[in-house]
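**Q** I need the structure of the sequence given here:
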Amino acid sequence: MEVLAAQRALAIKDEELKLVLERLDTKENELKNLKEAAAVDANDPWKLYSLARERIGERSTGNLAIKKLKLEAVQLEVEAATGDPQNLQKQVENF
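**A** Residues are numbered from 1 along each chain as shown. Sure, this is the predicted structure:
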């Protein structure tokens with residue numbers, strides 16, 4: 001009787017072990033696939049380019065230059081409104 005109970009307990013533990021090993025294999029395969037995908041993504045220049053664009057908020061160099069020029073124009077307008085006319089004429093000539 002005790003031998004049969006021990007055999008059943010051993011069989012149950014064996015099945016549990018098989019399930020755990022299957023889950024481990026599944027997780028290892030998922031990890032391997034993710035590592036391969038990460039390596040491919042990191043080597044893809046277009047992916048890196050899009051990530052960089054996303055990082056700077058879709059602003060290209062041209063857009064940044066335009067914003068800088070607009071800022072300079074606004075600064076000149078402020079100085080024109082508050083400064084003397086002769087100083088403004090010098091700044092316009094230099095611009």
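
**Q** Report all helices and strands that the helix or strand hosting residue 64 contacts.
**A** Residue 64 is located in helix 61-82, with elements delineated by DSSP states H and E. With contacts taken as 3 or more Cβ pairs under 8 Å, 6 or more residues apart in numbering; DSSP states H and E, helix 61-82 sits against helix 85-94. C-betas here are computed from N, CA, C, even on glycine.

**Q** Give the rounded mean pLDDT of the helix it packs on.
**A** Across helix 85-94, the average pLDDT comes to 66.

**Q** likewise stretch 28-47?
**A** In this model, stretch 28-47 has a mean pLDDT of 77.

**Q** Would you mark the buried spots in that stretch?
**A** By neighbour count with 16 or more other Cβ atoms under 10 Å, stretch 28-47 contains no buried residues.

**Q** got it, and stretch 10-24?
**A** By 16+ other Cβ under 10 Å, stretch 10-24 has no buried positions at all.

**Q** try stretch 3-11
**A** Under 16+ other Cβ under 10 Å, stretch 3-11 has no buried positions.
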